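model the structure of this input:
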Amino acid sequence: MTTFVERHGLWSDEQRQAAQRIDDLVRTEELEVVRFSFPDQHGILRGKTMVAPEAAATLRNGCTITSTLIAKDTAHRTVFPVFTAGGGFGMPEMQGGADLLMVADPATFRILPWAARTGWVLCDLFFPDGRPVPFATRRLYGSVLKDLDARGYEYVAGLEVEFHIFRLDDAKMRPEQAGQPGEAPAVSLLSHGYQYLTEQRYDQMEPVLEIVRRDILELGLPLRSVELEFGPSQCEFTFAPTVGVEPADTMVLFRSAVKQICRRHGYHATFMCRPRIANAFASGWHLHQSLRRRDTGANAFTPRDAGATLSDVGTHYLGGLIAHARSATVFATPTINGYKRYRTYSLAPDRAIWGTDNRGVMLRVLGGPGDPASRIENRVGEPAANPYLYMASQILAGLDGVDRKLDPGPSADTPYETAAEFLPRTLREAIDALRTDGFFADAMGKAFVDYYVVIKQAEIARHEQDVSDWEQREYFEMF
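Numbers count the residues shown, from 1 in each chain. Okay, the predicted model is just below:
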């Protein structure tokens, strides 16, 4: 009897060989369980844990999950009417919370250092008839990479990820503190901050950073550096550039790993952009990117002409990022909280501009003639972004610039004074920009953009209905 993977031709030869290696590792390493996980619409890992004797069959036949998992907002609330005709998606396959299948990508298999005798593998989503689920973001990114491959290019990306690690004081686990979402944990600082890159502050956080660093390296992630950031209890991990789907996979696994590792040792890690912690500083995710020519392996952004910062391809790619900056912002900054980072005269951007080695712009261009590391650093992202959508939006916008030979305009030397279009100031404004532009509806598909807008609008609606601390202070006594 053929397996689901065989019937639908879902694996390459390399993946089939990797699956055989997994079978061997489960046996030789005496693994007891394997976690099958997929990245949801928010870039959060969800899945099931299978006992070792079931792992081989699950690898090849998939693992069922409910389709409602891709219908949820950040509070894990189902925001589509799944029990109506078409399940709110206009698709009978999504109606009634019907099953989807997680099918493993064997090339992603890892053994988890922090969980005893536990394997982990990343999955893609399929309908029972073998069709890919159109709302699965890893699949969407894969289709963008295939189109890029057809043009003769590969996408190269390096990651700089800022986040906070706090000491966990109270996990708020009393029944009355549960909810959807539950109460946030009470935490305390590991360092006072403000002494950027000082060894003293780093050493205060080093005990937990050492734990995280060792496990991240043991996972095989391409870690380059561990750094102290400016704010209290804030740090940054940077990763070497990798190609294709790997940088996005690295990001989802890194975030999930850090949170799990820290929690097991009495800490709370958060990739929330701007925590509501006194004196906290916002965290960003800086995405370094370039294109590599498949035939030669050369960086397509490296210029030849003296005085040039980027090649023609790189310059037009930059023009595309500028042209679609506002409509792409929702993929780089998908939370309500993330827009509190865009502040004038900070190290975060507030308008759609580029500059040569300038940390106040949205797009920082680095490189020059003969420099194989010539690249564009997008500084607009928050660390909570779904990396598959963030990177897909970058490639699509950049290639549109290449196709139309768009001019990015002059370098901005005074980023907070340069006359340019401002980035969205709120998630609602970003959603409006996405809908008004129309580019991503064509590039990603109208069905996907409409789906994503519904989820984000549900989060905005809940936020607007909530009575905030600001409102209580502003009006409760005065009126």
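
now do the strand ranked longest in the chain, average pLDDT.
Ordering each strand of the chain by length in residues (DSSP state E) puts strand 153-170 first. Mean per-residue pLDDT for strand 153-170: 97.

chain center to stretch 223-243, what's the gap?
Averaging C-alpha positions (Cα atoms, centre = their mean, to the nearest Å) puts stretch 223-243 15 Å from its chain's average.

check which residues of it are buried.
223, 226-239, 241-242 (16 or more other Cβ atoms under 10 Å). In this view, the C-beta of every residue, glycine as well, is placed from N, C-alpha and C.

again, but for stretch 304-322
Buried residues in stretch 304-322 (16+ other Cβ under 10 Å): 308-311, 313-322.

now secondary structure too, for the residues you listed, in CSV please.
Output for the buried residues of stretch 304-322, formatted as CSV (DSSP: H, G, I helix; E, B strand; the rest coil):
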residue, secondary structure
Ala308, coil
Thr309, coil
Leu310, coil
Ser311, coil
Val313, helix
Gly314, helix
Thr315, helix
His316, helix
Tyr317, helix
Leu318, helix
Gly319, helix
Gly320, helix
Leu321, helix
Ile322, helix
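
right, and Glu236 touches Glu227 too?
Yes: between Glu236 and Glu227 a contact is recorded at 4.5 Å, counting by Cβ atoms under 8 Å.

got the contact list for Gly319?
The contact partners of Gly319, taken as Cβ atoms under 8 Å, 6 or more residues apart in numbering, are Gly401, Arg404, Lys405, Leu406, Asp407, Pro408, Gly409.

not counting its neighbours along the chain, what's nearest the fourth one?
Distances taken as Cβ to Cβ, 6 or more residues apart in numbering put Gly319 closest to Leu406, at 3.1 Å, once the chain neighbours are dropped.

so how far is Gln15 from Ser143?
Going from Ser143 to Gln15 by Cβ to Cβ, to the nearest Å gives 17 Å.

centre of the chain versus the helix or strand bottoming out on mean pLDDT in the chain, how much separation?
The least trusted helix or strand in the chain, going by mean pLDDT, DSSP states H and E, turns out to be helix 469-475, with a mean of 89. Centroid separation for helix 469-475 versus its chain: 33 Å, with Cα atoms, centre = their mean.

for that helix, buried residues please.
For helix 469-475, the neighbour count (16+ other Cβ under 10 Å) marks no residue as buried.

ok, which stretches of the protein are helices?
In the chain, the helices defined using DSSP state H lie at 4-8, 13-28, 52-61, 137-150, 199-218, 246-264, 312-323, 325-332, 387-404, 427-437, 439-444, 446-465, 469-475.

which helices and strands does the shortest one pack with?
On a contact count with 3 or more Cβ pairs under 8 Å, 6 or more residues apart in numbering; DSSP states H and E, helix 4-8 meets helix 52-61, strand 99-104.

same question, the fourth one
Using 3+ Cβ pairs under 8 Å, 6+ apart as the contact criterion, the neighbours of helix 137-150 among helices and strands are strand 33-39, strand 118-126, strand 153-170, helix 387-404.

and if we set it to 7 Å?
Helices and strands touching helix 137-150, by 3 or more Cβ pairs under 7 Å, 6 or more residues apart in numbering; DSSP states H and E, are strand 118-126, helix 387-404.

out of the contacts of Gly319, show me where the pLDDT dips lowest.
In terms of pLDDT, Gly409 ranks lowest among the contacts of Gly319, with 92.

just give the nearest non-adjacent residue to that residue, would you?
Per Cβ to Cβ, 6+ apart, closest to Gly409 is Ile322, 7.0 Å.

residues contacting the one you found?
For Ile322, the contact set (Cβ atoms under 7 Å, 6 or more residues apart in numbering) comprises Ala352, Trp354, Pro408, Gly409.

strands - which of these land there?
Trp354.

weed out the non-buried ones from the contacts of Ile322.
Buried among those (16+ other Cβ under 10 Å): Ala352, Trp354, Pro408.

quick one: end-to-end length of stretch 229-245, please.
End-to-end span of stretch 229-245 (Cα to Cα, to the nearest Å): 28 Å.

quick one: contacts of that stretch?
Residues contacting stretch 229-245 (Cβ under 7 Å, 6+ apart): 141-142, 145, 154-166, 189-194, 196, 205, 209, 221-228, 250, 279-281, 283, 288, 292.

columns pLDDT and distance to Phe331 on top of the buried residues of stretch 304-322, output as TSV?
Formatted as TSV, those follow (pLDDT from 0 to 100; distance: Cβ to Cβ, whole Å):
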residue	pLDDT	distance to Phe331
Ala308	89	29
Thr309	91	25
Leu310	96	23
Ser311	96	25
Val313	97	22
Gly314	97	21
Thr315	97	23
His316	98	21
Tyr317	98	17
Leu318	98	18
Gly319	98	19
Gly320	98	14
Leu321	98	12
Ile322	97	16
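
of those, closest to Pro181?
Leu321 (33.5 Å; Cβ to Cβ).

roughly how far does that closest one sit from Gly409?
From Leu321 to Gly409 the distance is 12 Å (Cβ to Cβ).

ok, and the closest non-adjacent residue to Asp147?
Counting by Cβ to Cβ, 6+ apart, the residue nearest Asp147 is Leu399, at 7.9 Å.

hmm, I typed the wrong one, I wanted Tyr141.
Tyr388 (3.9 Å).

that neighbour touches Asp249, doesn't it?
No: using Cβ atoms under 7 Å, Tyr388 is not in contact with Asp249, being 8.9 Å away.

neighbour-wise, which of the two wins?
Under the criterion of other Cβ atoms under 10 Å, the comparison of Tyr388 against Asp249 puts Tyr388 first, with 25 against 21.

tell me the pLDDT at the more buried one?
Here, the pLDDT recorded for Tyr388 equals 98.

check contacts around it.
Tyr388 makes contact with Pro39, Gly43, Thr137, Arg138, Leu140, Tyr141, Ala248, according to Cβ under 7 Å, 6+ apart.

the fifth one touches Ala447, doesn't it?
Right, the one you point to is Leu140. No: the criterion here is Cβ under 7 Å, and Leu140 misses it with Ala447 at 11.0 Å.

those two: who's more crowded?
Leu140 (19 against 14).

any idea of the pLDDT on that one?
Leu140 is given a pLDDT of 97.

please list all residues in contact with it.
Going by Cβ under 7 Å, 6+ apart, Leu140 touches Tyr388, Ala392, Met444, Phe448.

same deal with Leu59?
Applying Cβ under 7 Å, 6+ apart, we find Leu59 in contact with Ala19, Ile22, Ala104, Pro106.

can you tell me which of those residues are buried?
Looks like the contacts of Leu59 have Ala19, Ile22, Ala104, Pro106 buried, using 16+ other Cβ under 10 Å.

quickly list what the nearest residue to Ala300 once chain neighbours are set aside is bridged to.
Using Cβ to Cβ, 6+ apart and skipping the chain neighbours, the partner closest in space to Ala300 is Leu291 (4.3 Å). When assigned by DSSP bridges, Leu291 has beta-bridge partners Tyr155.

Ala420: neighbour count?
Close neighbours of Ala420, defined as other Cβ under 10 Å, add up to 18.

please tell me how far it sits from Trp114.
With Cβ to Cβ as the criterion, Ala420 and Trp114 are 45 Å apart.

how far off centre is stretch 90-101?
In terms of Cα atoms, centre = their mean, the gap separating the centre of stretch 90-101 from the centre of its chain is 26 Å.

likewise for stretch 94-104?
Distance, stretch centre to chain centre, for stretch 94-104: 23 Å (Cα atoms, centre = their mean).

many thanks, we can stop here.
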